[in-house]
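Trainee: quick check, what structure comes out for this input:
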Amino acid sequence: MEHKALITESTTAGAQSVDRALGLLSLIARQAEGSSLADLTRHSGLNKPTVRRLLLALINAGMVEQSPANHHYQLGPEAYLLGHRASEQHNLTRLATCNVARLAQRTEDAACLSIRRGHFSLCLYREDGVYPIRTHALVQGAYHPLGVGAGSLAMLAALPDAEITHVLDAQRSLLEQQYPQLAPEHMVNLVNETRLQGYAVNPGLVFADSWGIGIALRWPDGVLAGSLSLAAIESRMQEPRRSQTLVTRLKEEALAIEHLLAAEFTRHQTSPTPLARSK
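Mentor: Numbers count the residues shown, from 1 in each chain. Presented below is the predicted three-dimensional model:
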């Protein structure tokens, strides 16, 4: 995966070190299984001694830790704390947590809340249902290219056509290398299907036996707010359960969340505090 754009040059040595350390932190955060020293060196474009030095500083700060099992670098406790605090303050998470939990309770499957982050989707919150067999293709804090996964696809389909073309062009190399079944040309077909049926379906295209359905969430002015999705094993996503039960409940909770977003939007129209939105 090409991530060199995440680490940029700076005008001063101190600022450059901060930029590079944050770039490494972002690279590590994008890999749920952690990143090896070789991977970080290759993707950052930095030399190995520099990467080692920056990782040591991040470890000392508690932002990164090294797994004793495979020696991969992963997010540390301080990063988790910051992420947890940020998610609490994010408008969508704060407003929709109860709805996500209720959706998981009513369907007994995993319910997820995601937002757009540039050309990627980020899972902000996941609530597992009580059904004992689960799929973990999407976990809290996970990044996926926009369009990969049901909630992510729902967000991509909600964008204007020109923006979809821009996103897919920017992601072409990544999609072709890591998600060959989701090449941009196929993604366009999935976007059209999503728009026609009003919700996105991922029929095990990312991981076998890991299905999902998702729907976009919007602010009252039409701006994309995020997505709500359900994930389950294939047998639990078949008809008639999918359309008669899961889609119905997904749409009910999505509508309830959008009502909350509308109230939040109205409140901020008369408040000097800016409204945080994902892009």
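Trainee: immediately after whichever helix or strand residue 144 is part of, which helix or strand?
Mentor: Assessed by DSSP states H and E, residue 144 sits inside strand 143-145. Heading C-terminal from strand 143-145, the first helix or strand you meet, by DSSP H and E, is helix 150-157.
Trainee: in the stretch 1-150 of the chain, which spans are strands?
Mentor: Secondary structure of the stretch 1-150 of the chain by DSSP state E, counting those that start in this stretch: the strands cover 64-66, 73-75, 110-117, 120-127, 143-145.
Trainee: where in the protein is pLDDT low?
Mentor: Along the chain, segments meeting pLDDT under 70 span 1-14, 32, 81, 83-90, 268-279.
Trainee: could the strands of the stretch 1-150 of the chain go into JSON lines alongside mean neighbour count?
Mentor: C-beta coordinates here come from the backbone N, C-alpha and C atoms, glycine included. Shown next, in JSON lines, are the strands of the stretch 1-150 of the chain (neighbours: other CB atoms under 10 Å):
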{"stretch": "strand 64-66", "mean neighbour count": "20"}
{"stretch": "strand 73-75", "mean neighbour count": "21"}
{"stretch": "strand 110-117", "mean neighbour count": "25"}
{"stretch": "strand 120-127", "mean neighbour count": "22"}
{"stretch": "strand 143-145", "mean neighbour count": "21"}
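Trainee: the ones you listed: which one's closest to residue 260?
Mentor: Residue 260 lies closest to strand 110-117 among the strands of the stretch 1-150 of the chain, at 12.2 Å (CB to CB).
Trainee: direction included, what does the closest one pair against?
Mentor: strand 120-127 (antiparallel), strand 224-233 (antiparallel) (DSSP bridges).
Trainee: how far away from the center of its chain is the shortest one?
Mentor: For strand 120-127, the gap between its own C-alpha mean and the chain's C-alpha mean amounts to 4 Å (CA atoms, centre = their mean, to the nearest Å).
Trainee: same check, this time on stretch 157-166
Mentor: Put simply, stretch 157-166 sits 18 Å off its chain's centre (CA atoms, centre = their mean).
Trainee: circling back: next one: the strand holding residue 144 to chain centre, how far?
Mentor: Between the centre of strand 143-145 and the centre of its chain there are 5 Å (CA atoms, centre = their mean).
Trainee: turn the strands paired with strand 110-117 into TSV, columns for distance to residue 139.
Mentor: Formatted as TSV, the strands paired with strand 110-117 follow (distance: least, CB to CB, whole Å):
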stretch	distance to residue 139
strand 120-127	6
strand 224-233	10
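Trainee: which of those strands sits closest to residue 245?
Mentor: Per CB to CB, nearest to residue 245 of those: strand 224-233, 10.2 Å.
Trainee: can you give me the buried ones in that closest one?
Mentor: Residues of strand 224-233 classed as buried: 224-232 (neighbour count, 16 or more other CB atoms under 10 Å).
Trainee: and the angle from it to helix 150-157?
Mentor: 150 degrees (axes from the mean of the first three to the mean of the last three CA atoms, to 10 degrees).
Trainee: show me the beta-bridge partners of the residue nearest the centre of the chain.
Mentor: Centroid-nearest residue in the chain: residue 122, 1.7 Å away (criterion: CA atoms, centre = their mean). Listed by DSSP bridges, the beta-bridge partners for residue 122 are residue 115, residue 143.
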